[in-house]
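J.: I would like to see how this sequence folds:
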Amino acid sequence: MAAVVTPHIAGSLRLYRREGARLEEVARLDGVTNHVIGSRDLDLGRISDIDGDGAPEIVLPSLDRLRLVAVSFAGGSGRIVASVPLPAPLIRLEPMNDAWAVVHLQDRRTLTVDLKRS
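T.: Here you go, the predicted model:
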């Protein structure tokens, strides 16, 4: 299970494993978010196999929402495997098709970005 904890302060993406009746944190990566402050929607994250290796990555915006990043937890630690700069803060992320993401920006633009080319 993965969760973004404190999405407006540290933006900590954490990976958990179930240990009996409790969850144990196994890895984390700070500097990301899953929603726009003031919004009740927690839908800026997606799961997609960006590099086609069979292991899915978690795709979400950076804490300032000016980058779209793909995070891998392969090997037991969180690391950014792709990062695409955005010209304005991201406000919506559509469902993904492999490494392609359609992002809606605060300035009302819509862009298609390829995370493989980052």
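
J.: now the strands for this protein?
T.: 2-5, 12-19, 22-30, 46-48, 57-61, 67-72, 79-85, 90-93, 100-105, 110-114 (DSSP state E).

J.: So for Ser39, which of those sits nearest?
T.: strand 90-93 (8.5 Å; Cβ to Cβ). Just so you know, the C-beta spots here come from the backbone N, C-alpha and C atoms, and that holds for glycine as well.

J.: Show me what the closest one is in contact with.
T.: Residues outside strand 90-93 that contact it (Cβ atoms under 8 Å, 6 or more residues apart in numbering) are 36, 43-46, 59-61, 65-66, 68, 101-106.

J.: how about a cut-off of 7 Å?
T.: Val36, Leu44, Arg46, Pro61, Arg65, Leu68, Ala101, Val103, His104, Leu105, Gln106 (Cβ atoms under 7 Å, 6 or more residues apart in numbering).

J.: For Asp64, report the pLDDT, please.
T.: Asp64 is assigned 96 on the pLDDT scale.

J.: Can you tell me the centre-most residue of the protein?
T.: The centre of the chain sits closest to Leu60, judged by Cα atoms, centre = their mean, with a distance of 2.0 Å.

J.: List the contacts of it.
T.: Leu60 touches Val32, Thr33, Asn34, Leu44, Gly45, Val69, counting by Cβ under 7 Å, 6+ apart.

J.: for Met96, same thing?
T.: Arg46, Ser48, Val59.

J.: Pro7 now?
T.: Counting by Cβ under 7 Å, 6+ apart, Pro7 touches Thr33, Asn34, His35.

J.: Make a markdown table from those and add pLDDT, distance to Pro7 and neighbour count to it.
T.: Shown next, in a markdown table, are the contacts of Pro7 (pLDDT from 0 to 100; distance: Cβ to Cβ, whole Å; neighbours: other Cβ atoms under 10 Å):
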| residue | pLDDT | distance to Pro7 | neighbour count |
| --- | --- | --- | --- |
| Thr33 | 94 | 4 | 25 |
| Asn34 | 92 | 6 | 21 |
| His35 | 86 | 6 | 19 |
